[in-house]
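Chemist: With the input below, show me the fold.
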Amino acid sequence: MSKMDVLFVVPRNVQDFQVGTVPDAIEPPAKARFMMAYLWRRGCSQALIDANLTEDTPEEIAKEVVAADPRFVMMPDYGYNPSASTQTMVSAREFAQAIRNLAPRLPIMMSGTHPAAIPAKTLMDEPIDYVCVGEGPITVHEMILAQRAGGAYSDIKKVRALVHWDKTAEDAVVVRNDPAPLIDLNAEPAIDGWKFMDPRRYVAHHWQAFYQGMDKRMPYANPYSREGCPFHCGFCNIQATFRDGDQLLRVQGLLKPGVHSFRSLQPELFVKEVTYLVETYGVKTFKIPDEMFMLGDHWKQIFRMIAEHYGDLLNFWSYARVDTFGPKDMNIFRAGGGRWAALGIEAANSTVRSGQGKKFNDDLIHRRVAAMHAAGIEGALNYIFGLQDDTTESMQETFQLACELNGTYGNFYCAQALPGANSLYRDAKKADYPLPERPGGPGWIGHAQYSWESEPCYLGHALTPAQILKFRDEAHVKYYRRPEYRERILRDPKFGPVAMKNIDDWIAQIEKLPRKLLGHPKP
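Modeler: The predicted structure follows:
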């Protein structure tokens, strides 16, 4: 039997807390799927271990890895939202170290938003051999070819979008190989990657299932239709894995300076994948994880086609921007089963909001959310406390705006300077701000929104990180206990008493969150 070419090991997503009777979502590893589809079409042997689907310890999973005996391990480090890679590094390190302890010579590669943003630091800090700074498929395939040939350093140097150690020098140095081009999504669709991950094992977010029980949340799938984003929100880092490819396009004159790449799958191919998932696995609940789905005619074509195939049978949610999701188009989304739109509102104060690339006005926010609700689309509305120039008064304004909009899912964050973020991380480093990864700091877990060690990033003088964290936690609880919110949930037949109980269980857990910054003991 020939040796397995590569084993994908997906680290456990940060489980900050359990949500009573409604546990956290478990999403299929979409980026691993993209790579595995590419490799499958090239005849590579591979397998997947998703730590999120088991309670096995890192040591137990390491034994599975050693038993599989792959040429190397690929560890895609992505969280369940586009910028959640950094906090997942805590888990990634545990699994990599456990593998390293049992098999010191087994090569380990990491990919993801965080490793791509700071590859040299990742290589130096983590118990791994390689970092992929691109989107993955080309790098992993070329590494397989290099390992099949014996893994000589002369072959490793040719693997594109790879960062690694040159140990042939007198003092080992970090080397960054040539970049890899971005993949043509239409020539290399991810649909074949579903052969390695069964959607029937995955679980939708509790709010997408209208806060109902587990029978409404499985199976669950998350097909991509687009990669990249043309916008430049200061706190966002999702472009990190595409930057090498972007630079190649600029050299070729195919992308202007300062412009992000933005690729789309043909609508027909996306609908083909949806149809495959419905007919093969019985999937009815979908997330579209594109950072920028609702822009132009692309998404409208998709939802017109889905409406023709399935009418209102399915349950989709996707990210959207207030200024690109217009009222005239909302019925198109809803007719094809679009039930939730996640809007990044961020802040009520227009100055604070505009500093993050969100220059739409206050009136537009109210009108768009009202139009969504009128169209039967629920709002998963996102807000950030502690952005630059925020004050106690402006944070209170943001909370008041959230209450006025009364979204069915109000999602509150503290600002975090994640590695690779368009400007926030750079500004924080320039200001010598004490980020969680500082010597003596909590490390990457400090970027996790619900962790005991959580530390907001605040580039201002009016607030302290502890004040921001306290405000955020109290706002989250207050929001869901308002009479106006509870009345809406109880009178809507999609939600009702079962949803209200599950929400109450969830908020009871949120209310007890221990925080180091607030003087709480470590759990």
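Chemist: Which of the three states applies to Lys272?
Modeler: helix (DSSP: H, G, I helix; E, B strand; the rest coil).
Chemist: how about low-confidence regions in the stretch 401-523 of the chain?
Modeler: Along the stretch 401-523 of the chain, the model assigns pLDDT under 70 to residues 422.
Chemist: for it, what spans make up the strands?
Modeler: Along the stretch 401-523 of the chain, the stretches classed as strands by DSSP state E, counting those that start in this stretch are 409-414.
Chemist: those helices in it, which residues are they?
Modeler: Ranges of helices in the stretch 401-523 of the chain, per DSSP state H, counting those that start in this stretch, are 424-430, 465-481, 483-491, 496-511.
Chemist: pLDDT-wise, which helix or strand of the protein ranks last?
Modeler: helix 350-354 (a mean of 61; mean pLDDT, DSSP states H and E).
Chemist: Can you name the element that comes right after that one?
Modeler: helix 362-374 (DSSP states H and E).
Chemist: Tell me the buried residues in whichever helix or strand comes after that following helix?
Modeler: If you walk from helix 362-374 toward the C-terminus, the next helix or strand you reach (DSSP H and E) is strand 378-385. Within strand 378-385, the residues that count as buried by 16 or more other CB atoms under 10 Å are 378-385. Backbone N, C-alpha and C define where each C-beta goes, glycine included.
Chemist: and what of stretch 439-455?
Modeler: 442-455.
Chemist: Same question for stretch 513-523.
Modeler: Buried residues in stretch 513-523, counted by 16+ other CB under 10 Å: 513, 515-517.
Chemist: can you pull the contacts of Asn219?
Modeler: Asn isn't right for residue 219; it's Pro. Taking CB atoms under 8 Å, 6 or more residues apart in numbering, we find Pro219 in contact with 198-202, 281-285.
Chemist: Including neighbour count, secondary structure and pLDDT, could these go into a markdown table?
Modeler: As requested, the contacts of Pro219 are exported to a markdown table (neighbours: other CB atoms under 10 Å; DSSP: H, G, I helix; E, B strand; the rest coil; pLDDT from 0 to 100):
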| residue | neighbour count | secondary structure | pLDDT |
| --- | --- | --- | --- |
| Asp198 | 14 | coil | 97 |
| Pro199 | 21 | helix | 97 |
| Arg200 | 13 | helix | 97 |
| Arg201 | 15 | helix | 95 |
| Tyr202 | 25 | coil | 95 |
| Tyr281 | 17 | helix | 97 |
| Gly282 | 11 | coil | 97 |
| Val283 | 24 | coil | 97 |
| Lys284 | 19 | coil | 97 |
| Thr285 | 24 | strand | 97 |
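Chemist: can you redo the residues you listed as CSV with distance to Met372?
Modeler: Output for the contacts of Pro219, formatted as CSV (distance: CB to CB, whole Å):
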residue, distance to Met372
Asp198, 33
Pro199, 27
Arg200, 31
Arg201, 32
Tyr202, 27
Tyr281, 29
Gly282, 28
Val283, 24
Lys284, 21
Thr285, 19
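Chemist: which residue packs closest to Gln239, ignoring adjacent ones?
Modeler: Once flanking residues are discounted, Gln239 sits nearest to His260: 5.3 Å by CB to CB, 6 or more residues apart in numbering.
Chemist: for Lys3, same thing?
Modeler: Arg71 (5.9 Å).
Chemist: same deal with Gln301?
Modeler: In space, and not counting its chain neighbours, Gln301 is closest to Pro267: 4.1 Å by CB to CB, 6+ apart.
Chemist: doesn't Phe303 make contact with that neighbour?
Modeler: No: at 9.0 Å, Pro267 and Phe303 do not qualify as touching, with contact defined as CB atoms under 8 Å.
Chemist: quick one, which of these two is more surrounded?
Modeler: The neighbour comparison of Pro267 against Phe303 (other CB atoms under 10 Å) goes to Phe303, with 23 against 19.
Chemist: residues in contact with that one?
Modeler: Counted by CB under 8 Å, 6+ apart, Phe303 has contacts 332-333, 335-336, 338.
Chemist: buried set for the stretch of helix or strand it belongs to?
Modeler: Phe303 is part of helix 298-310, with elements assigned from DSSP H and E. The neighbour-count check on helix 298-310 (16+ other CB under 10 Å) flags 298-299, 301-307, 310 as buried.
Chemist: Would you point out the most distant pair within those?
Modeler: The two members of the buried residues of helix 298-310 with the most space between them (CB to CB) are His298 and Tyr310, at 18.8 Å.
Chemist: quick one on the thing from earlier: got the buried residues of stretch 439-455 as a markdown table, with distance to Ser394 columns?
Modeler: Shown next, in a markdown table, are these (distance: CB to CB, whole Å):
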| residue | distance to Ser394 |
| --- | --- |
| Pro442 | 27 |
| Gly443 | 30 |
| Trp444 | 28 |
| Ile445 | 28 |
| Gly446 | 24 |
| His447 | 23 |
| Ala448 | 24 |
| Gln449 | 20 |
| Tyr450 | 23 |
| Ser451 | 25 |
| Trp452 | 27 |
| Glu453 | 26 |
| Ser454 | 21 |
| Glu455 | 20 |
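Chemist: Looking at those, which is nearest Val133?
Modeler: For those, with Val133 as the reference and CB to CB as the criterion, the closest is Trp444, at 18.1 Å.
Chemist: Pretty sure the closest one sits against Ser85.
Modeler: No: with contact defined as CB under 8 Å, Trp444 does not count as touching Ser85 (9.4 Å).
Chemist: so what sits against both of the two?
Modeler: Applying CB under 8 Å, 6+ apart, one finds that Trp444 and Ser85 are jointly contacted by His114.
Chemist: low pLDDT regions in this structure?
Modeler: 1, 14-23, 82-83, 233-235, 350-360, 422.
Chemist: Quick one: the strands in the stretch 51-200 of the chain, in order.
Modeler: Using DSSP E, counting those that start in this stretch, strands in the stretch 51-200 of the chain cover 70-77, 108-112, 130-132, 162-166, 173-176.
Chemist: Perfect, that will be all.
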